[in-house]
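A.B. asks: sharing a model that was predicted from the sequence below.
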Amino acid sequence: MEGASLVVQTSFLGDTVLTTPLIAHLAERGPVDVVVTPASAPLLANNPSVREIHVYDKRGRDRGLVSSLLLSARLRRRRYAAAYLAQGSMRSGALVFGAGVRQRVGFTTSAGRRFYTRRVDYLEGEHHASRLLRLALEPGVEPSAEMLRPRLFPGQAERDKVDAMLRQWGWKGESFVALAPGSVWATKKWPHYAALAALVNARVVIVGSTEDVYLASEILRAVGARAIDCAGRLSLLASAELISRAQVLVSNDSAPLHLASAVGTPTVAIFGPTVPEFGFGPLAPRSVVLGVTTLGCRPCDRHGPQRCPLGHWRCMREITPRHVADVVQALTAPSARLPTSAH
């Protein structure tokens, strides 16, 4: 296809990471520009497949009609050959329609599908990276594992920042396990990270946002100087750089899981109200998903409600720290057999 492509992805951080295989595939054809939120834009820094980033603050300064029209006008001047709607709202569809992009590709299930010139089936049960990549594949073409690998590109600034942060906490080059205890969805936060840290026979490094500082403090109280607290102290790309150095990441169903997929770090992914069949499980080699598979109430929500609808929250409480620690131990000793269930 001649001409540049436009990718629109204004969903969550993890969605942006999982859009990078689509971006890389399109870049084999020609230049690729991306519309993303201010929060997600740093994830695409240094990415050789991205020509230009258009930051769209849809919930902030750009939430009004005038701002959307101005962005459409700016995009129109780029004369894109095709737009790929990785995020499928009416607003995103109207944005590229207003930009005069002749070929507009999105999912059959998207709210903005009336604006599309080509609609692709949204395959439930398939990984979301694969679903997104199919927007640019010919029908019947199956993506390879290499095609589905997310890509992030921490630079020297991120490496230097991580080096300095680790030295600040007295790190001497020993191996460590990364813990990501946070999530924007309350019921996705496994409550036993402090107990897990006490059981892990290694230094632990805590990653997350400023919203996760209180969770980090619980881990610090449990293990003291054996923990390194990076929560709220690193950018997204620097966090990816940090995770790339870990033996294993333990994470909820949240953005750090996808950062680990992009840098190839084995992941213990803890799923409670959601399930990996929604398409957001780990893609890194030697990763393990844990969940209480015997509960009839799982899954209860596409994202994870702020409270358990039944009040018991067994899907998270019944995943024991001992079991997670055993899985971590198995991942750090490759000859061991990996446990795969919550019990």
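C.D. replies: Sure, I can see it. Here the structure is a predicted model, which means the values were calculated and not measured.

A.B. asks: all strands of the stretch 1-150 of the chain, in order?
C.D. replies: Along the stretch 1-150 of the chain, the stretches classed as strands by DSSP state E, counting those that start in this stretch are 5-8, 32-36, 52-55, 82-85, 103-107, 118-120.

A.B. asks: can you redo those strands as CSV with distance to Ser209?
C.D. replies: Yep, even glycine has a C-beta here, placed from its N, CA and C like the rest. As requested, the strands of the stretch 1-150 of the chain are exported to CSV (distance: least, Cβ to Cβ, whole Å):
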stretch, distance to Ser209
strand 5-8, 24
strand 32-36, 17
strand 52-55, 19
strand 82-85, 27
strand 103-107, 29
strand 118-120, 33
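
A.B. asks: any chance of the ones you listed in a markdown table, with mean pLDDT and distance to Ile219 too?
C.D. replies: As requested, the strands of the stretch 1-150 of the chain are exported to a markdown table (pLDDT from 0 to 100; distance: least, Cβ to Cβ, whole Å):
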| stretch | mean pLDDT | distance to Ile219 |
| --- | --- | --- |
| strand 5-8 | 98 | 37 |
| strand 32-36 | 98 | 31 |
| strand 52-55 | 98 | 34 |
| strand 82-85 | 98 | 40 |
| strand 103-107 | 98 | 39 |
| strand 118-120 | 98 | 42 |
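
A.B. asks: closest to Leu310 out of the ones you listed?
C.D. replies: The closest of those to Leu310 is strand 103-107. By Cβ to Cβ, the value is 31.5 Å.

A.B. asks: the closest one pairs with which strands?
C.D. replies: Sheet pairing for strand 103-107, assigned by DSSP bridges, gives strand 82-85 (parallel), strand 118-120 (parallel).

A.B. asks: can you say which of those strands is packed in most?
C.D. replies: Greatest average neighbour count among those goes to strand 82-85 (a mean of 28), per mean count of other Cβ atoms under 10 Å.

A.B. asks: for it, give me every contacting residue.
C.D. replies: With contacts defined as Cβ atoms under 8 Å, 6 or more residues apart in numbering, strand 82-85 is touched by 1, 3, 5-8, 22, 26, 92-93, 96, 99, 101-107, 110, 112, 116, 135-136.

A.B. asks: ok, the spatially closest residue to Ala81 that is not a sequence neighbour - contacts?
C.D. replies: In this structure, Ala81 finds its nearest non-sequential neighbour in Gly3, 3.0 Å apart by Cβ to Cβ, 6 or more residues apart in numbering. Residues in contact with Gly3 (Cβ under 8 Å, 6+ apart) are Gly30, Arg79, Tyr80, Ala81, Ala82.

A.B. asks: now Gly3: how far from Gly125?
C.D. replies: Using Cβ to Cβ, to the nearest Å, we find Gly3 at a distance of 34 Å from Gly125.

A.B. asks: and Arg167, by the same measure?
C.D. replies: Counting by Cβ to Cβ, the gap from Arg167 to Gly125 is 45 Å.

A.B. asks: top helix in this structure by residue count?
C.D. replies: The residue-count maximum for a helix in the chain (DSSP state H) belongs to helix 13-27.

A.B. asks: which strands and helices sit next to that helix?
C.D. replies: strand 5-8, strand 32-36, helix 128-133, helix 255-263 (3 or more Cβ pairs under 8 Å, 6 or more residues apart in numbering; DSSP states H and E).

A.B. asks: now those as CSV including distance to Ser49?
C.D. replies: Putting the helices and strands packed on helix 13-27 into CSV (distance: least, Cβ to Cβ, whole Å) gives the following:
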stretch, distance to Ser49
strand 5-8, 10
strand 32-36, 6
helix 128-133, 13
helix 255-263, 13
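
A.B. asks: make CSV from these and add mean neighbour count and distance to Ser244 to it.
C.D. replies: Below are those laid out as CSV (neighbours: other Cβ atoms under 10 Å; distance: least, Cβ to Cβ, whole Å):
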stretch, mean neighbour count, distance to Ser244
strand 5-8, 28, 24
strand 32-36, 25, 22
helix 128-133, 24, 18
helix 255-263, 29, 4
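
A.B. asks: out of these, which gets nearest to Glu146?
C.D. replies: Evaluated over the helices and strands packed on helix 13-27, closeness to Glu146 peaks at helix 128-133, with 11.5 Å, by Cβ to Cβ.

A.B. asks: tell me how far that closest one lies from the chain's centre.
C.D. replies: Distance of helix 128-133 from its chain centroid, counting by Cα atoms, centre = their mean, to the nearest Å, is 13 Å.

A.B. asks: for that helix, packing partners?
C.D. replies: By 3+ Cβ pairs under 8 Å, 6+ apart, helix 128-133 packs against helix 13-27.

A.B. asks: can you dump the C-alpha atoms of stretch 18-30 in PDB for me?
C.D. replies: Extracted in PDB, the C-alpha atoms of stretch 18-30 (Å, rounded to 0.1, in the frame of the first residue of the first chain):
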ATOM      1  CA  LEU A  18      -0.100  -4.500  22.500                       C
ATOM      2  CA  THR A  19      -0.600  -2.300  19.500                       C
ATOM      3  CA  THR A  20       3.200  -2.200  18.800                       C
ATOM      4  CA  PRO A  21       3.100  -5.400  16.700                       C
ATOM      5  CA  LEU A  22       0.500  -3.800  14.500                       C
ATOM      6  CA  ILE A  23       2.700  -0.700  14.200                       C
ATOM      7  CA  ALA A  24       5.800  -2.700  13.400                       C
ATOM      8  CA  HIS A  25       3.900  -4.700  10.700                       C
ATOM      9  CA  LEU A  26       2.600  -1.500   9.100                       C
ATOM     10  CA  ALA A  27       6.000   0.100   9.200                       C
ATOM     11  CA  GLU A  28       7.200  -2.600   6.700                       C
ATOM     12  CA  ARG A  29       4.900  -1.000   4.200                       C
ATOM     13  CA  GLY A  30       5.700   2.600   4.800                       C
END
